[in-house]
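Novice: Got a predicted model here, sequence first, then my questions.
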Amino acid sequence: MTKRFGMFFALALAAGLLPLGEASAISPEEAAWERPEPKVGFGSPSAVPYDTGAVDYVDYDINVRLYPYSHFLQGEARVIFRSKVSQLAEADFVLYNDTLNVLAVTSGPDTLAWAYDPTYWVLRVFLNDTLGLGQEDTVTIAYSGYITPELSRALSNYCRLDGTLGFSTITPYVWYPASYDHAYSTRRDDKVTCRVTLTVPLSWRAVSLGTLMDSSATDSTQTYTWGTAAGVMNMSFAAGPYLLCIRQFQGMPLRYYDFDTTYAEPVFNTAQSILSYFNRVYCPKPMEKLAYVENLQIYGFGAPTLVMMPLPYQLFGQAHETSHQWWGWALCLRYSPEVWLNEGFASYSEILFQEDTLGRAVRRAELDTMAWRYLAVPRAEDRPIVPAPTASRYYFTIVYNKGAWVLHMLRGMLGDSTFFNVIKTYATTYRDSSVTVAMFQQTAEQVSGRNLGWFFDEWLYRRWAPRYTYSWQAFRQASDSVLLRMWVDQQDSLFEMPIQTTIYTPGGEREEWAWVKNPSDTFEFWLSEEPYAVVLDKDDWLLDRGITLGVGSGPGERNLRTGPALSPAFPNPFSHEVILTYTLSKPGTPVLRVYDITGRLVRTLKGEGEGAGQGILRWDGRDGEGATAKNGVYFLSFQCGQYREIRRVVRLK
């Protein structure tokens, strides 16, 4: 999960460890909280009062010293920037000043005046000399402060400290002044070269992206300097009492940092499987090395050559974060509102890897979970995927879960061969470039030879999902000719979508695609024998709010249906009992089989020979011997005659 804003630091801190030695000029107890008198405040009107396009930030050099025992840090940021206007008299930086104390702002030997606007968290630095277009200057900002519970709450617990090792993803205005563009502009592809020097306890390691440029030690501290030769959008790091394991993958070093080495091999094995798959379906690996770093928070974070997340417990989270080496870094997001290009793609990367390693049943189960989350969003609070609803409490559900479904629906519509050709062409064409939704749409249209504007419009820029009812009737025209007529109605909202239509006959099954775009559509198919069932979206390609099958009687009557109809399992998740409601249009014997996540048969339930109409099958959460089933994911396989459908349920005691 890539975080909002441009530059981030990640830090694993240990409360209770011995503090660092007192070799530095400023100790936590002696930190000078006085600062130069700032100029009179420069106002905070309702509109952002700063020119975010006046400066091009070129290079950052950050030096941070950590005192884990007292949750204290002191640092210094040297920033090189270039004027993009004819006369530049000040430069703006983002700084969360409720936590940090600015000690000094200098340019070479000169002390600079500055002012702070708490409304926008902006530190404005007033330059001694006005810069002309293209001229560069360097400022150094010294600061210190504590990582507090208030800071943690202000940042939605992305920064967290407790009595054990914790993981912090801390936005740039906490650690050092960051360019104003990175925080407030929608532009996301601003890149700078960076170095970070991190001084930590002697028993700790610090890891960051780029190259380890230097490492030195004293009797009580260890200092690491990491840097990037190419421009990056953030400079993330982690620090803690890590042990290091190294393996090779196709000539590329893989590193694993954890507090013990117990899970090194599973992490390496999973990483190699993930990288092999993504190299095959996307484009060759865009990084020369990759490090996985353990943290104890639920959030993961992917930066160039660096993945930080809870390991090894989140197998598919590892696929998600690793995929950001492609979606987010090799292909850099140009505009923040189009973050679907990062997170929707990473979420579907999880699905693709699961399908490749564990099969389609697991793919379907995970997509069902994502659909369930999105369909639970109240309609009044639903938002389009683009622009990303960053202020919504359903941001994750909309951008990540629905976002993955958008790619899945595109795949179903285009077919596997064309879809994966689209993805590979997109990854290869725009590698090491910044991208937009328009670029991906253009690639999809060029590769498929189809106009897809309607698809992107209704699934990225509109809200909600369709709901359908359908019915069908077969009419024999001759001894070897049957006309199948199907009616499909849309309810509540209107979408244009092709829907997979599977027709079952004694001789086998036939697949068609019904292009539904009106409130009511009629489709006709000619068959050589009479069908006994017609099923819409059998393989789960469509994100919908329900597909209901009508039941009736009489030759040619609109609502006659000759196959079983199955409602979603309810409740789901469940604790005591889960219910499947079904409808039969002719007598049959329904069978319900329960499988666990490994595919082991847990229970078989059979209905009596039943006539047409509705019926119910219930599973009480017990296996065939009467023992209570464990918590977890189960699959309910409903079968009646040749009709079969699977429902995914979650057992909670």
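Specialist: Cool, got the structure. Numbering: from 1, shown residues only.

Novice: Just grab the bridge partners of Glu511 for me.
Specialist: The partner list for Glu511 in beta bridges (DSSP bridges) reads Thr502.

Novice: So which residue is dead centre in the protein?
Specialist: Glu343 (3.6 Å; C-alpha atoms, centre = their mean).

Novice: Next one: Ile147 from Glu288, what distance?
Specialist: Counting by C-beta to C-beta, to the nearest Å, the separation of Ile147 from Glu288 is 33 Å. Quick note: C-beta positions are derived from backbone N, CA and C, even for glycine.

Novice: Look at those two and report which has more neighbours.
Specialist: For Ile147 versus Glu288, neighbours defined as other C-beta atoms under 10 Å are more numerous around Ile147 (23 against 10).

Novice: Skipping its backbone neighbours, what lies nearest the more buried one in space?
Specialist: Nearest residue to Ile147 in three dimensions, chain neighbours excluded: His71, at 4.7 Å (C-beta to C-beta, 6 or more residues apart in numbering).

Novice: Could you tell me how many residues sit around the one you found?
Specialist: Around His71 sit 17 other residues, with neighbours defined as other C-beta under 10 Å.

Novice: same check, this time on Leu212
Specialist: Neighbours around Leu212, by other C-beta under 10 Å: 12.

Novice: For Glu524, list the residues it contacts.
Specialist: Contact analysis of Glu524 by C-beta atoms under 8 Å, 6 or more residues apart in numbering lists Leu483, Leu484, Arg485, Met486.

Novice: which residues does the second one bridge with?
Specialist: Here Leu484 sits in beta bridges with Ala474, Phe525, as judged by DSSP bridges.

Novice: That one reaches Ile503, doesn't it?
Specialist: Yes - counting by C-beta atoms under 8 Å, Leu484 touches Ile503, with 6.5 Å between them.

Novice: Now the common contact residues for the two.
Specialist: By C-beta under 8 Å, 6+ apart, Leu484 and Ile503 have these common neighbours: Phe525, Leu527, Pro531, Val534.

Novice: Pick out whichever of these sits closest to Leu407.
Specialist: The closest of these to Leu407 turns out to be Val534 (C-beta to C-beta; 27.5 Å).

Novice: what's the burial count for the closest residue to Arg383 other than its chain neighbours?
Specialist: Spatially, and ignoring its direct neighbours in sequence, Arg383 is nearest to Pro389 (3.7 Å; C-beta to C-beta, 6+ apart). By the criterion of other C-beta under 10 Å, Pro389 has 20 neighbours.

Novice: mind listing the strands for the stretch 301-450 of the chain?
Specialist: Secondary structure of the stretch 301-450 of the chain by DSSP state E, counting those that start in this stretch: the strands cover 301-303, 306-309, 331-333, 433-435.

Novice: same deal with the stretch 51-200 of the chain?
Specialist: 55-67, 72-83, 88-94, 100-107, 110-111, 113-117, 122-131, 136-146, 166-170, 178-179, 193-201.

Novice: just checking, which of those sits deepest inside the structure?
Specialist: Mean neighbour count (mean count of other C-beta atoms under 10 Å) peaks for strand 178-179 among the strands of the stretch 51-200 of the chain, with a mean of 26.

Novice: pLDDT on that one, on average?
Specialist: Averaging pLDDT along strand 178-179 yields 61.

Novice: which residues sit in contact with Leu112?
Specialist: By C-beta under 8 Å, 6+ apart, the residues touching Leu112 are Val105, Thr106, Val125, Phe126, Leu127, Asn128, Val139.

Novice: try it again with 6 Å
Specialist: Residues near Leu112 by C-beta atoms under 6 Å, 6 or more residues apart in numbering: Val105, Val125.

Novice: Check the spacing between it and Asp137 real quick.
Specialist: The value you get for Leu112 to Asp137, if C-beta to C-beta is used, is 10 Å.

Novice: Could you pull out the helices in the chain for me?
Specialist: With DSSP state H, the ranges of helices along the chain come out as 149-154, 172-175, 180-184, 264-281, 315-323, 340-358, 360-375, 395-396, 403-414, 416-429, 437-448, 453-460.

Novice: Go through those helices and pick out the most buried.
Specialist: helix 172-175 (a mean of 26).

Novice: How many residues are close by the residue lying closest to Thr604 once chain neighbours are set aside?
Specialist: Leaving aside its chain neighbours, Thr604 sits nearest to Arg593 (5.2 Å; criterion: C-beta to C-beta, 6+ apart). A count of nearby residues for Arg593, using other C-beta under 10 Å, gives 18.

Novice: Arg593 against Phe635, yeah?
Specialist: No - judged on C-beta atoms under 6 Å, Arg593 makes no contact with Phe635 at a distance of 8.6 Å.

Novice: wait, what's in contact with the residue nearest to Glu509 when sequence neighbours are not counted?
Specialist: In space, Glu509 comes closest to Thr502 once its chain neighbours are excluded; the distance is 5.6 Å by C-beta to C-beta, 6+ apart. With contacts defined as C-beta under 6 Å, 6+ apart, the neighbours of Thr502 are Glu509, Glu511, Val535, Lys538.

Novice: Report pLDDT for Thr502.
Specialist: So Thr502 comes in at 91 (pLDDT).

Novice: go on, Thr228?
Specialist: Predicted confidence (pLDDT) for Thr228: 85.

Novice: Next, the contact list for it, please.
Specialist: By C-beta under 6 Å, 6+ apart, the neighbours of Thr228 are Thr193, Cys194, Gly210.

Novice: Try it again at 7 Å.
Specialist: Each residue near Thr228 by C-beta atoms under 7 Å, 6 or more residues apart in numbering is listed here: Thr193, Cys194, Leu209, Gly210.

Novice: Could I get the contacting residues of the residue lying closest to it once chain neighbours are set aside?
Specialist: Counting by C-beta to C-beta, 6+ apart, Thr228 lies nearest to Gly210, which is 3.7 Å off, once chain neighbours are set aside. Going by C-beta under 7 Å, 6+ apart, Gly210 touches Trp226, Gly227, Thr228.

Novice: how close does Gly210 get to Glu530?
Specialist: Taking C-beta to C-beta, one finds Gly210 at 67 Å from Glu530.

Novice: Highest neighbour count among the contacts of Thr502?
Specialist: With neighbours defined as other C-beta under 10 Å, the most crowded of the contacts of Thr502 is Val535; it has 22 neighbours.

Novice: Next one: it from Asp368, what distance?
Specialist: Separation of Val535 from Asp368 (C-beta to C-beta) stands at 16 Å.

Novice: Then Arg431?
Specialist: 33 Å.

Novice: Show me this protein divided up by domain.
Specialist: Per the record, the chain has its domains at 9-41+49-241, 250-325, 339-460, 467-549, 565-651, by automatic domain parsing.

Novice: residues near Gln477, how many?
Specialist: 11.

Novice: Identify the spatial nearest neighbour of it, chain neighbours not counted.
Specialist: Leu483 (5.5 Å).

Novice: give the contact list for the closest residue to Ala388 other than its chain neighbours.
Specialist: Sequence neighbours aside, Val339 is the residue nearest to Ala388 in space, at 4.8 Å (criterion: C-beta to C-beta, 6+ apart). By C-beta under 7 Å, 6+ apart, Val339 lies in contact with Leu333, Ala388, Val399.

Novice: What lies in contact with stretch 413-432?
Specialist: So stretch 413-432 is contacted by 281-283, 286, 326, 330-331, 410-411, 439-440, 443-444, 447-448, 498 (C-beta under 7 Å, 6+ apart).
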